[in-house]
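A.B. asks: take a look and give me a structure for this.
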Amino acid sequence: MKLHHAALVCSSLKNADEFYEGILGLKKIKTSRLTWDFAEELFGVSGECQIILYTNENFAVEVFLRPQPSNNPFAHLCLELKDKKGFVKKCLAKGLEVNQVRRGESLIIFVKDYDGNRFEIKEEQA
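C.D. replies: Numbers count the residues shown, from 1 in each chain. Okay, the predicted model is just below:
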């Protein structure tokens with residue numbers, strides 16, 4: 001089994017581009033529109049929205065632009081990165097919320113994007 005993509009909500013194109021292109025280094029490859037009737041049929045949500053697909057060779061995120069992002073406190077994506085410390089430093093420099101919690105010998109790290117989407121950050125294993 002292979003994960004095709006994850007879908008998240010952002011409040012603006014600026015926030016989406018800044019985080020997914022600027023911080024995660026993904027490439028914007030497609031923009032489309034979710035129509036009012038299709039949004040209602042698929043998700044039970046009223047209103048149109050723009051959808052942007054950001055990707056690299058290992059990871060794809062479908063971002064729905066909506067004025068009010070969701071607030072599920074447990075929802076998150078987990079990313080494995082080669083330079084976890086450098087990524088956290090970059091996020092802090094950009095003013096993003098970083099939560100680092102010690103659990104025994106481990107340090108559990110979560111980063112929130114500009115709209116509150118959570119990302120657990122793990123060190124890539126060689």
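
A.B. asks: what's the neighbour count on Thr55?
C.D. replies: 16 (other CB atoms under 10 Å). To be clear about C-beta, it is placed using only N, CA and C from the backbone, and glycine gets the same treatment.

A.B. asks: right, and it touches Ile29 too?
C.D. replies: Yes - under the criterion of CB atoms under 8 Å, Thr55 makes contact with Ile29 at 5.6 Å.

A.B. asks: surely Ser12 meets Val63?
C.D. replies: No - between Ser12 and Val63 there is no contact under CB under 8 Å: 10.3 Å.

A.B. asks: which one's more surrounded, the two?
C.D. replies: Val63 (28 against 13).

A.B. asks: ok, the more buried one - contacts?
C.D. replies: Neighbouring residues of Val63 by CB atoms under 8 Å, 6 or more residues apart in numbering: 7-10, 16, 20, 51-54.

A.B. asks: out of these, flag the one nearest to Glu120.
C.D. replies: Glu120 lies nearest to Leu8 out of the contacts of Val63, by CB to CB, at 13.9 Å.

A.B. asks: give me phi/psi at the closest one?
C.D. replies: phi -130, psi 170 (degrees, to the nearest 10).

A.B. asks: any idea of the pLDDT on the spatially closest residue to it that is not a sequence neighbour?
C.D. replies: Using CB to CB, 6 or more residues apart in numbering and skipping residues adjacent in sequence, the residue nearest Leu8 is Asn117, 4.8 Å away. Here, the pLDDT recorded for Asn117 equals 92.

A.B. asks: still on that earlier bit, write a PyMOL command that selects only the buried members of the contacts of Val63.
C.D. replies: Restricted to buried positions by 16 or more other CB atoms under 10 Å, the PyMOL selection for those reads:
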select buried, resi 8+9+10+16+20+52+53+54
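
A.B. asks: JSON lines for the contacts of Val63, including distance to Pro67 and pLDDT?
C.D. replies: JSON lines is the format used below for those (distance: CB to CB, whole Å; pLDDT from 0 to 100):
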{"residue": "Ala7", "distance to Pro67": "17", "pLDDT": "91"}
{"residue": "Leu8", "distance to Pro67": "15", "pLDDT": "92"}
{"residue": "Val9", "distance to Pro67": "10", "pLDDT": "91"}
{"residue": "Cys10", "distance to Pro67": "10", "pLDDT": "92"}
{"residue": "Ala16", "distance to Pro67": "13", "pLDDT": "96"}
{"residue": "Tyr20", "distance to Pro67": "18", "pLDDT": "97"}
{"residue": "Ile51", "distance to Pro67": "15", "pLDDT": "94"}
{"residue": "Ile52", "distance to Pro67": "15", "pLDDT": "97"}
{"residue": "Leu53", "distance to Pro67": "20", "pLDDT": "97"}
{"residue": "Tyr54", "distance to Pro67": "20", "pLDDT": "98"}
